[in-house]
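Asker: No letters, just coordinates:
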DNA sequence: CTTTCAGACCTTTTT
DNA sequence: GGTCTGAAAG
């Protein structure tokens, strides 16, 4: 994160032992940052505005702890993505030495997974738990929904997606289904009984088959800590210093986990910004950050308000956006980075103007020497960039897209993963289902029978080869052969994936006659990803918990990242910064999202706009078309987003695009 | 039972 | 544009 470069004086004694050189914390940090770094014992809450050096503070604090003699393995750094943790530890290591790499870190989910695998026993879990991603849990729910006959009710019963959302929300908000439906899903009140029944069935299903969804990881981890004092004390003593980044986006379950983990020492530093809370759809509540001092009495609160990232002109806009927020910690960011250029509110005739403007401006910036990797185009929803993507391709501007539908979620990749999963956890009926339905002549019924045979005999190979259905014998034999080959040697993930692909190739051609070459290429990249792992267990866990955030096709980098423009959802842009930021579709009907308008979640949308605009260091452009296509009404007039429409034109300058008619 | 095909539906954000 | 669902044919 940004910092005054002129103050960057790292003094490193030449070739001396690591412990003999010292970091000059006072020279490196401002007063508030320094206080946060120097406060080592006891609970600390850092309220860090956007671009105020939050990451820098965490990095220096890790270094400070290690330098002060704390064993790195006693430090736990919980972040929003593992990439964020890795990046911080890399920076801390460059301040000190390799020791910082031994700091434990990752997301709540990945850390929970790690601990649960070590302490599976007390909560009745096996070591080979399969992690269900969102799609997997929806599949299970759908199965049970049909099995329980819930879908045959006269009144419309919610679809699997909605059900999964509701179940997840209940867990993440730590409230029971009944009150959740009452408060947030009132229109489903008549189904409460059925939903509860379904939820119970879902839980049983997962437990008996060694399956855990994302929420289970947190719940089971919490239960382990809460109900097993010995484990709790052991863990609490092992992780003596806990730091939690992006605390505004944690939910009550995660807060509870932190509370329990710190039970023997209270050494927790939570860092966050209530104005940047954008994950309430996942049960996060920015009030969590307000409650921190209550669960940790004696908390020292430190506010970081000096912004090192953006010019004053950019800050004037972001301050104006957030000033209208209904409920927040009042703070106004300031900088001494100089005035900078006034951000523009750019309007054009239609979406095409918007795309052309962005492309043209990007090409100009590149001429001026701004690397493509220092430019980002941000948007509320992943599909908002479709039009621009076409235009970028036309101009030959390389880009990566982050967020939205992911590579890992495509059917063919999930198929490949399913084969690895059944091998590791033969009880994983979700994956069995996927694997078996690929065979010609196998539908849901036959698949069920086969799975029952596999579970009953406990021996997949025998169950498959002995299955009394001559028409399927050849295919089942082939599958059994594959499983045998995979099981024989404890394969390296890469060679496992290669074996699977050999088996899967003909199936792929049959199911996707038109585009199997494209899918085949995806699968080859998947194999390449597998090659980075030592064992299949960590490979699978990572694919479920920290999949690459790139969209389909982007996993292949033909060009180095520095030479590619970034397209990203605002959610995926969290914590990052660029020289120039474009915000697409700053128009009513797109941003705020119509869903949020209907549900009265406007305040979170405002924070999203705040997060988007605070990513810019030098240049900021908000664009919107004057007409846009609406599915119901066809072409309609668009208005600028309510979050920016009323900003003083001196602060956010309106510009209209015109096309040069000269030849 | 499985496959196929047409029409409905619905599209936010993510671990 | 893609998935999901239901109905009818193989």
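Answerer: That came in fine, so what should we check first? Everything numeric in this text was worked out from a predicted model, so none of it was measured.
Asker: Write out the residues of the stretch 301-450 of chain A neighbouring DNA strand C.
Answerer: Contact residues (Cβ under 7 Å from any atom of the strand) of the stretch 301-450 of chain A with DNA strand C: residue A:411. Every residue, glycine included, has its C-beta placed from N, CA and C.
Asker: Look through the stretch 301-450 of chain A and state the residue closest to DNA strand B.
Answerer: Using Cβ to the nearest atom of the strand, the closest approach of the stretch 301-450 of chain A to DNA strand B is made by residue A:443 at 2.4 Å.
Asker: Ramachandran angles for that residue?
Answerer: phi -110, psi -170 (degrees, to the nearest 10).
Asker: Would you mind listing the residues in contact with the spatially closest residue to it that is not a sequence neighbour?
Answerer: Residue nearest to residue A:443 in three dimensions, not counting chain neighbours: residue A:437, with 7.2 Å by Cβ to Cβ, 6 or more residues apart in numbering. Taking Cβ atoms under 8 Å, 6 or more residues apart in numbering, we find residue A:437 in contact with A:443, A:444, A:447.
Asker: Residue A:619 belongs to a strand, doesn't it?
Answerer: Yes. When DSSP: H, G, I helix; E, B strand; the rest coil is applied, residue A:619 is found to be in a strand.
Asker: What count of nearby residues applies to it?
Answerer: Residue A:619 has 22 neighbouring residues, counting by other Cβ atoms under 10 Å.
Asker: and what of residue A:397?
Answerer: A count of neighbours around residue A:397, defined by other Cβ under 10 Å, yields 19.
Asker: Run through the residues of the stretch 201-350 of chain A sitting next to DNA strand B.
Answerer: Within the stretch 201-350 of chain A, the positions near DNA strand B by Cβ under 7 Å from any atom of the strand are A:214, A:278, A:279, A:281, A:282.
Asker: Tell me which residue lies nearest the centroid of chain A.
Answerer: Residue closest to the mean C-alpha point of chain A, counted by Cα atoms, centre = their mean, is residue A:81 at 6.3 Å.
Asker: Tell me the backbone dihedrals of that one, please.
Answerer: According to degrees, to the nearest 10, residue A:81 has phi -130, psi 160.
Asker: Might one say that it is in contact with residue A:107?
Answerer: Yes. Counting by Cβ atoms under 8 Å, residue A:81 sits close enough to residue A:107 to count as a contact (6.4 Å).
Asker: longest helix in chain A, by residue count?
Answerer: Determined from DSSP state H, the single longest helix within chain A is helix A:493-511.
Asker: Quick one: list the elements packing against that one.
Answerer: Helices and strands touching helix A:493-511, as assessed by 3 or more Cβ pairs under 8 Å, 6 or more residues apart in numbering; DSSP states H and E, comprise helix A:411-424, helix A:473-488, helix A:516-530, helix A:536-545.
Asker: Can you tell me which of the ones you listed has the worst average pLDDT?
Answerer: Among those, helix A:516-530 has the lowest mean pLDDT, at a mean of 85.
Asker: Any buried residues in that helix, and which?
Answerer: A:516, A:519, A:520, A:522, A:523, A:525, A:526, A:527, A:529, A:530 (16 or more other Cβ atoms under 10 Å).
Asker: mind putting those in JSON lines, distance to residue A:26 included?
Answerer: Converted to JSON lines, these look like this (distance: Cβ to Cβ, whole Å):
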{"residue": "A:516", "distance to residue A:26": "61"}
{"residue": "A:519", "distance to residue A:26": "56"}
{"residue": "A:520", "distance to residue A:26": "57"}
{"residue": "A:522", "distance to residue A:26": "51"}
{"residue": "A:523", "distance to residue A:26": "54"}
{"residue": "A:525", "distance to residue A:26": "47"}
{"residue": "A:526", "distance to residue A:26": "49"}
{"residue": "A:527", "distance to residue A:26": "50"}
{"residue": "A:529", "distance to residue A:26": "44"}
{"residue": "A:530", "distance to residue A:26": "47"}
